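A.B. asks: fold the following, please.
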Amino acid sequence: MNTLNLEDKTQFKKFEIKNSFLIIKTENNKFIKYHKNEIPFLKKATTKEISKYEIMGNGEGVHWPLLDEDLSAAYLIYRTNERSCP
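C.D. replies: Numbering: from 1, shown residues only. Sure thing, here's the model as predicted:
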């Protein structure tokens with residue numbers, strides 16, 4: 001029997017970085033915002049390292065090639081509900 005994991009279908013519509021904030025627009029048009037210091041591997045990263053990123057697939061995650069790090073959309077979206085903003 002196959003089980004569907006939450007991560008299997010989680011995607012975001014839009015991802016951008018502005019002023020050290022990661023801004024995610026979800027499939028249901030909600031916005032989630034994180035400061036780079038909330039993500040352990042981004043805490044010590046330079047602006048150049050953070051600004052060079054690639055969207056994985058159709059919004060399943062983000063890859064930072066200069067850091068060789070990834071974050072899944074599921075992690076960014078479901079990490080906490082307290083991060084939602086209007």
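
A.B. asks: ok, now how distant is the most centrally placed residue in the chain from residue 65?
C.D. replies: Centroid-nearest residue in the chain: residue 76, 4.4 Å away (criterion: CA atoms, centre = their mean). Distance check for residue 76 against residue 65: by CB to CB, to the nearest Å, it reads 18 Å. (Glycine included, C-beta is placed from N, CA and C.)

A.B. asks: check for me that the residue nearest to the centre of the chain belongs to a helix.
C.D. replies: Yes. Assessed with DSSP: H, G, I helix; E, B strand; the rest coil, residue 76 lies in a helix.

A.B. asks: need the contact list for it.
C.D. replies: By CB atoms under 8 Å, 6 or more residues apart in numbering, residue 76 lies in contact with 12, 22, 24, 32, 34, 61-62.

A.B. asks: ranges for the helices of this structure?
C.D. replies: With DSSP state H as the criterion, the chain has helices at 6-9, 47-51, 73-78.

A.B. asks: out of those, nearest to residue 17?
C.D. replies: The minimum distance between residue 17 and the helices of the chain falls on helix 47-51, with 6.0 Å, by CB to CB.

A.B. asks: ends of stretch 41-57, what's the gap?
C.D. replies: Counting by CA to CA, to the nearest Å, you get 22 Å between the two ends of stretch 41-57.

A.B. asks: quick one: buried residues of that stretch?
C.D. replies: Within stretch 41-57, the residues that qualify as buried are 42, 45, 49-50, 53, 56, counting by 16 or more other CB atoms under 10 Å.

A.B. asks: then stretch 54-71?
C.D. replies: Residues of stretch 54-71 classed as buried by neighbour count (16+ other CB under 10 Å): 56, 59-62, 64, 67, 69-71.

A.B. asks: those residues in strands, which ones?
C.D. replies: Using DSSP state E, the subset of the buried residues of stretch 54-71 located in strands is 56, 61-62, 64, 69-71.

A.B. asks: rewinding a little: make TSV out of the contacts of residue 76 and add pLDDT.
C.D. replies: Formatted as TSV, these follow (pLDDT from 0 to 100):
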residue	pLDDT
12	91
22	95
24	93
32	92
34	92
61	95
62	96
